[in-house]
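**Student:** give me a model of this one.
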Amino acid sequence: MIIRKGTSTDMPSVLELIKELAVFEKEPNAVVISVDDLIRDGFAENPLFHTFVAEVDAQIIGIALYYYRYSTWKGKTIHLEDLIVKEDKRGTGAGFALYSEIIAQGKRDNVRRIEWNVLDWNTPAIEFYKKSGAKILDDWRVVQMDENGINEFLKNK
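**Tutor:** Next up is the predicted model:
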């Protein structure tokens, strides 16, 4: 297995993994981005995200997609948006290898925090994160406003 930085030519495989994750998270129709979106947003002069890929026999079996954020308390942080391993490749160590690479990237970048979200029903992931030393913050809630909410807010303000 090779863990490496993702390239623009990897984006078709990345999109397939994103769609697989959407099915796992019970949102199979939620993905609206395209390969072109991923290439434009991830490989421009100022990329909006970065990826690591896990590759076996020239096939991408997993990805970690992350981007930088800024905390008014901590400074530069990394947000791990998604860590995905193909369903039939789980248990191969790919997820741990990608997770380890994200932690190592945070150390290389001297960030003071790496953060991500996990669904409350994904108990295997929660247990893994706890064992790895991560803290699960039960007193915080994720807040989102979707495209419809944005439009409604602006229309009614």
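**Student:** next SSE downstream of the biggest strand by length in the chain?
**Tutor:** Secondary structure of the chain per DSSP state E: the longest strand is strand 59-71. Note on strand 59-71: by DSSP states H and E, the next helix or strand toward the C-terminus is strand 75-85.
**Student:** given the longest strand of the chain, what are its sheet partners and their directions?
**Tutor:** Using DSSP bridges, strand 59-71 pairs in its sheet with strand 50-56 (antiparallel), strand 75-85 (antiparallel).
**Student:** just give the nearest non-adjacent residue to residue 115, would you?
**Tutor:** residue 79 (5.6 Å; CB to CB, 6 or more residues apart in numbering). The C-beta positions use only the backbone N, C-alpha and C, and glycine is treated the same way.
**Student:** surely that neighbour and residue 64 touch.
**Tutor:** No: shown here, residue 79 and residue 64 do not form a contact pair, counting by CB atoms under 8 Å, at 11.4 Å.
**Student:** residue 50 pairs with what?
**Tutor:** Those that pair with residue 50 in a beta bridge, by DSSP bridges, are residue 66.
**Student:** list the residues that contact it.
**Tutor:** Residue 50 sits next to 5, 6, 42, 65, 66, 67 when contact means CB atoms under 8 Å, 6 or more residues apart in numbering.
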